[in-house]
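Participant: let's see this in three dimensions:
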Amino acid sequence: MELAQSFVEQPLYKRLKPSDWLYAVLVLVAAGQAWRLYNPFMDGYEQAILAGSAIGLVALGWFWKSWRWFFPLSAGVALLGISLYHGQLARAQTAFWLKFLLSSQSAIMWMCTLFFLATLVYWAGLLTRSAMLSRMGSGLTWAAAVMGAAGLFVRWYESYLIGSDVGHIPVSNLYEVFILFTLITALMYLYYEARFATRQAGAFVLLVISAAVGFILWYSFDRQAHEIQPLIPALQSWWMKIHVPANFVGYGAFAMSAMLGVAELLVLKGVLKDRLPSAEVLDEMMYKAISIGFPVLHHRHHPGRDVGCRRLGRLLELGPEGNLGADRVAELRRLAAHPAGEGLARRAAGLVGGDRPGRHQLRLPRRQHVPVRPAFLRRPVNPAASPKPGACRAFRIFPVRNAGIWYPCSVFIAFLSHKERVTPSWTFHGCPTPPPGWAFSR
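Facilitator: Presented below is the predicted three-dimensional model:
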């Protein structure tokens, strides 16, 4: 009886320490200060996102103890950089600490360098069986994540220094979301690294992060993608603050799972078997990551499609029947009538064609939306023909215990967008069902 009582889990409020409450107070005070300063510029959705973010950050800090120092440290580095601007974006090229360390581009370059170093050190620790090198790789990965998070925070501030109508959350283009991808993938791996008390798998997970870093560097130096650009009208939505991060939580989980799967295959083939964790440990890490990524990726499309369609309707000025207004059609015909304006017309509406200018009529085809159910909620058509337990590993990807935890969470995320839903009919602002594409017809 005494042994059984020793394993009884204590309630959450009894397990919280003074440091947990101090972290919660710090986050809530910061959120209150942000609301006090920027409340006049926020609509109801943005205020709800601020409140939800504060609650989520507190819950994440209580769940994952390392987050309690990572997030304040990243925010502190970002605030230090912001304080050096003095409201002038040009100081990023003149102030020493901004130019070489704390501006958004400098911090992101440091992140890229640290990720490359972490990859090399992880592999050195794996091949030499050095616990010290593995700890150094983990520390370099934490340092890279801190600089990446701080760089995104500072970039958010820099966009508002360009102009109040230009400022936006830094998840709007390929350059910014690849930074977010490397950050989320690294943080997810660091959590599982501590959870399973193994660092050897970092050599494989950091490979995919380094590949993304290589793309960031090429995209920055060759295409100058690091320059902040105003948002296009179709992306000027509060939903982007939820939709894009949710996307990359799923992408990061699947990327990490893929590399862990490669490591598991090598172990099963006998390659690096004496240096990597056992196949069972790698298997458990991989499936736990998938159980997070799948529900998030599944639900991030359904609520976002209505908001995106409404934005598209406003941008293209759709009429009551889902067609372009007469003025818009006349403008597109005028642009398409000139060979020099053909490309402009295509870019203006995302159209294809234009080979016969002036003789096209735009139409918007309909498509019935068929929702996709997660694998763990599907039932076979013929239960007698279903495979036996253990016959197919795919049936064990999402056990019921994972569904009970993660699926309701993703449903709650989907619920946040219900206020943006419209009635199932064509309206001036858009449509409830996303169009499969635009097409010209004679």
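
Participant: just to be sure, Gly214 is in a helix?
Facilitator: Yes: with DSSP: H, G, I helix; E, B strand; the rest coil as the criterion, Gly214 is part of a helix.

Participant: per-residue pLDDT of it, please?
Facilitator: Gly214 is assigned 96 on the pLDDT scale.

Participant: ok, it to Gly148 distance?
Facilitator: 15 Å (C-beta to C-beta, to the nearest Å). C-betas here are computed from N, CA, C, even on glycine.

Participant: these two: which is more packed in?
Facilitator: Using other C-beta atoms under 10 Å, the more surrounded residue of Gly214 and Gly148 is Gly148, with 26 against 13.

Participant: got the domain ranges for this structure?
Facilitator: 91-300, 320-368+425-441 (automatic domain parsing).

Participant: can you give me the buried ones in the lengthiest helix in the chain?
Facilitator: Scanning the chain for the longest helix, with DSSP state H as the assignment, gives helix 131-162. For helix 131-162, the neighbour count (16 or more other C-beta atoms under 10 Å) marks 133-134, 136-138, 140-159, 161 as buried.

Participant: could you point out which element follows that helix?
Facilitator: helix 174-196 (DSSP states H and E).

Participant: what's the angle between that next one and helix 131-162?
Facilitator: 150 degrees (axes from the mean of the first three to the mean of the last three C-alpha atoms, to 10 degrees).

Participant: tell me the mean pLDDT over helix 174-196?
Facilitator: For helix 174-196, mean pLDDT rounds to 95.

Participant: what's that helix packed up against?
Facilitator: Secondary-structure packing of helix 174-196 (3 or more C-beta pairs under 8 Å, 6 or more residues apart in numbering; DSSP states H and E): helix 104-128, helix 131-162, helix 202-223, helix 240-268, helix 279-299.

Participant: let's go with 7 Å and repeat that
Facilitator: helix 131-162, helix 202-223, helix 240-268, helix 279-299 (3 or more C-beta pairs under 7 Å, 6 or more residues apart in numbering; DSSP states H and E).

Participant: and the angle from it to helix 104-128?
Facilitator: Using the same axes, to 10 degrees: helix 174-196 against helix 104-128 is 40 degrees.

Participant: CA atoms only: put helix 174-196 into CSV for me.
Facilitator: C-alpha atoms of helix 174-196 as CSV (Å, rounded to 0.1, in the frame of the first residue of the first chain):
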residue,chain,number,x,y,z
LEU,A,174,9.7,32.1,-47.3
TYR,A,175,12.8,33.6,-45.6
GLU,A,176,11.0,34.2,-42.3
VAL,A,177,9.1,30.9,-42.2
PHE,A,178,12.3,28.9,-42.8
ILE,A,179,13.8,30.7,-39.8
LEU,A,180,10.7,29.7,-37.8
PHE,A,181,11.0,26.1,-39.1
THR,A,182,14.6,25.8,-37.9
LEU,A,183,13.7,27.3,-34.5
ILE,A,184,10.6,25.1,-33.9
THR,A,185,12.4,21.9,-35.1
ALA,A,186,15.4,22.6,-32.8
LEU,A,187,13.2,23.3,-29.8
MET,A,188,11.1,20.2,-30.3
TYR,A,189,14.2,18.1,-30.5
LEU,A,190,15.7,19.7,-27.4
TYR,A,191,12.6,18.8,-25.5
TYR,A,192,12.7,15.2,-26.6
GLU,A,193,16.4,15.1,-26.0
ALA,A,194,15.9,16.0,-22.3
ARG,A,195,12.8,13.8,-22.1
PHE,A,196,14.6,10.6,-23.3
